[in-house]
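Trainee: Next input, structure requested:
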Amino acid sequence: MSDQAIVLVIDDEVRSLETLQRMLSDEFQVLTANSAREAEELLEGEMVSAILCDQRMPEMTGVEFLITVRERWPDPVRMIISGYTESEDIIDGVNKAGIYQYITKPWEPDELLETVRGAVQLFNLQQDNQSANVEMKVATEGLKQVVAKKKSTLKNHFDFERIVRAVDSPMDEACKVAQKIADYDISVLLTGESGTGKELMARAIHYASGRADNAFVVENCGALPDELLESELFGCKKGAFTGAYQDRVGLFEKASGGTIFLDEIGETSPAFQVKLLRVLQEGEIRPLGAQITRKVDVRVIAATNRDLEEDARSGRFRRDLYYRLAAFPLHLPALRERPMDIPLIAKIILTEASNAFGKNVEGFSSKIMDCLSQYGWPGNVREMQNEIQRMVALCENNLLDEPCVPERLKQNCETPVVPILVEKGTLKDRVEVLERSIICQSLEQHQGNISQVAKELGLSRVGLRSKLQRYDIDKTDVL
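Mentor: Sure, this is the predicted structure:
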């Protein structure tokens, strides 16, 4: 079987057929027909790439014939040869018969050959495109199944049940409340210390909502200056600022239909707060350097370790933005406020660390578990994860025991890190006393090194300085 493309030539003049066949046969397999009926018989049995048809034939015109061909055999590329150039024929040829080229007599052999080559190339491209469409359709269905499976995995992984807590834990109550409001399209403000699981809670809310099939994106608002933060969230046009080398789609636009999690929202500047407020009010963003706005449909979940309500009252944070973000405020308790959860969380962290390090560490000695339960965990779950990973790395048997435990934790097993200094007052008052005492102790331990204290407590430097100011702590008085 020849690999040459098949070209069908139709003309009622024998000499014209012979001339065209002789000219084209070096590059193509040429079939000839001197009538429309004969041409149809050839089309029934051959895969024709291109048709070259004379306009003036006894039974019907070339255009009339190619209109029929277009309906029954739409794939071959169709061309007309005519000694006449009536505009009506040309219009009918292009519109009704889908003519690729209208060739007038007398034709130049080289030009005609080049035209047929182009027609065959077009046919091949069309066939490749059809194959690609079929393959793409199959691939798309497969991709849809893969994406659906991944979404299902994510929903299971970030289910509320994956937030580890005991039945009598205050975190259990927070999860029950979050489940109730998850499907309502309102903004949520998560408050609590660093390391209490605010991002995990935000993901659980998203995957329990009607937006679960769309994107969940995260931005730490305390980590970037205003201009870069605007670019990240709202997008930018090329050249909008130094370093904007190309157009960027912002996270709000990427999250449209889904949820955006704005962590450390309390660290944003007043200028940025104005721009964020507009997005929440109008439901539209304007990329840096752009002239027009774009509509977005995004649910906002924000988080902070600050007392944002107090900041709003004092004027440090815009009150109108606070009320927009805190349509539903939800506080996550610190780890020291839920000691009943510590054994459960510790065992899960131990299992994950053992698997990651290729070790067979099965559990904690009773003394070490008491030590973990008594420690104040100023850095919350994040600090516990770091400590247990260190212990697993040092452990030489299948039980975590005293030799693996850092001195800091041992000391606090014997003497609690922070005694409760206030016997009366609200839970908030008592927690604030505990928090102040922890910060003072850490400052003393690290000799006033703000960076080390912030790292140990799981805070940003800005967050730590804010707490020093809030609790009126002068590090020179502590040392």
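Trainee: quick one: the helices in the stretch 1-150 of the chain?
Mentor: Counting by DSSP state H, counting those that start in this stretch, the stretch 1-150 of the chain has helices at residues 14-24, 36-45, 62-72, 87-95, 109-157.
Trainee: Kindly report the same for the stretch 251-400 of the chain.
Mentor: Counting by DSSP H, counting those that start in this stretch, the helices of the stretch 251-400 of the chain are 251-254, 270-282, 308-314, 319-325, 342-357, 366-374, 380-394.
Trainee: Could you identify which of those helices has the lowest mean pLDDT?
Mentor: Note on the helices of the stretch 251-400 of the chain: helix 366-374 shows the lowest mean pLDDT, a mean of 86.
Trainee: Okay, buried residues for that helix please.
Mentor: 368-369, 371-372, 374 (16 or more other C-beta atoms under 10 Å). Any C-beta I mention is one placed from the backbone N, CA and C, and that applies to glycine too.
Trainee: again with stretch 393-406
Mentor: Buried-residue list, stretch 393-406, by 16+ other C-beta under 10 Å: 395, 400, 404-405.
Trainee: same thing with stretch 314-322?
Mentor: Across stretch 314-322, burial judged by 16+ other C-beta under 10 Å covers 317-318, 321-322.
Trainee: what does stretch 250-263 give?
Mentor: Counting neighbours by 16+ other C-beta under 10 Å, stretch 250-263 gives 250-256, 258-263 as buried.
Trainee: Save the buried residues of helix 366-374 as a markdown table, and put in distance to Glu40 too.
Mentor: Below are these laid out as a markdown table (distance: C-beta to C-beta, whole Å):
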| residue | distance to Glu40 |
| --- | --- |
| Ile368 | 89 |
| Met369 | 88 |
| Cys371 | 91 |
| Leu372 | 87 |
| Gln374 | 93 |
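Trainee: looking at the helices of the stretch 1-150 of the chain, which one has the lowest mean pLDDT?
Mentor: Looking at these, the bottom one is helix 87-95 with a mean of 64.
Trainee: so what are the domain limits for the protein?
Mentor: As assigned by automatic domain parsing, the chain contains the domains 6-127, 161-333, 336-414, 427-478.
Trainee: Any regions of the stretch 201-350 of the chain where pLDDT drops low?
Mentor: 240, 242-245 (pLDDT under 70).
Trainee: And Val48, how far from Ile10?
Mentor: 11 Å (C-beta to C-beta, to the nearest Å).
Trainee: which one of those two has more residues nearby?
Mentor: Ile10 (26 against 21; other C-beta atoms under 10 Å).
Trainee: Pull the contacting residues for the more buried one.
Mentor: 32-36, 39, 51-54, 57, 62, 65 (C-beta atoms under 8 Å, 6 or more residues apart in numbering).
Trainee: what pairs with it across the strands?
Mentor: Assessed by DSSP bridges, Ile10 has beta-bridge partners Ala33, Cys53.
Trainee: Could you tell me what pLDDT the model assigned to it?
Mentor: 93.
Trainee: State the distance from it to Gln101.
Mentor: Taking C-beta to C-beta, one finds Ile10 at 15 Å from Gln101.
Trainee: Save the buried residues of stretch 393-406 as JSON lines, and put in distance to Glu219 and pLDDT too.
Mentor: Shown next, in JSON lines, are those (distance: C-beta to C-beta, whole Å; pLDDT from 0 to 100):
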{"residue": "Cys395", "distance to Glu219": "37", "pLDDT": "86"}
{"residue": "Leu400", "distance to Glu219": "37", "pLDDT": "86"}
{"residue": "Cys404", "distance to Glu219": "37", "pLDDT": "80"}
{"residue": "Val405", "distance to Glu219": "37", "pLDDT": "80"}
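Trainee: sorry, back to before: save the buried residues of stretch 314-322 as CSV, and put in distance to Ser442 too.
Mentor: What follows is those, written out as CSV (distance: C-beta to C-beta, whole Å):
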residue, distance to Ser442
Phe317, 26
Arg318, 31
Leu321, 32
Tyr322, 29
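Trainee: Mind pulling up the pLDDT for the closest residue to Asp172 other than its chain neighbours?
Mentor: Nearest non-adjacent residue to Asp172, counting by C-beta to C-beta, 6 or more residues apart in numbering: Arg165, 4.8 Å away. Predicted confidence (pLDDT) for Arg165: 90.
Trainee: Isn't Arg165 up against Cys175?
Mentor: Yes: contact status for Arg165 versus Cys175: in contact at 6.9 Å, counting by C-beta atoms under 8 Å.
Trainee: Remind me what the host helix or strand of His206 packs against, helices and strands.
Mentor: Assigned by DSSP states H and E, His206 falls within helix 198-207. Here helix 198-207 is seen to pack against helix 170-181, strand 188-191, strand 216-220, strand 259-263, strand 299-304 when contacts are counted using 3 or more C-beta pairs under 8 Å, 6 or more residues apart in numbering; DSSP states H and E.
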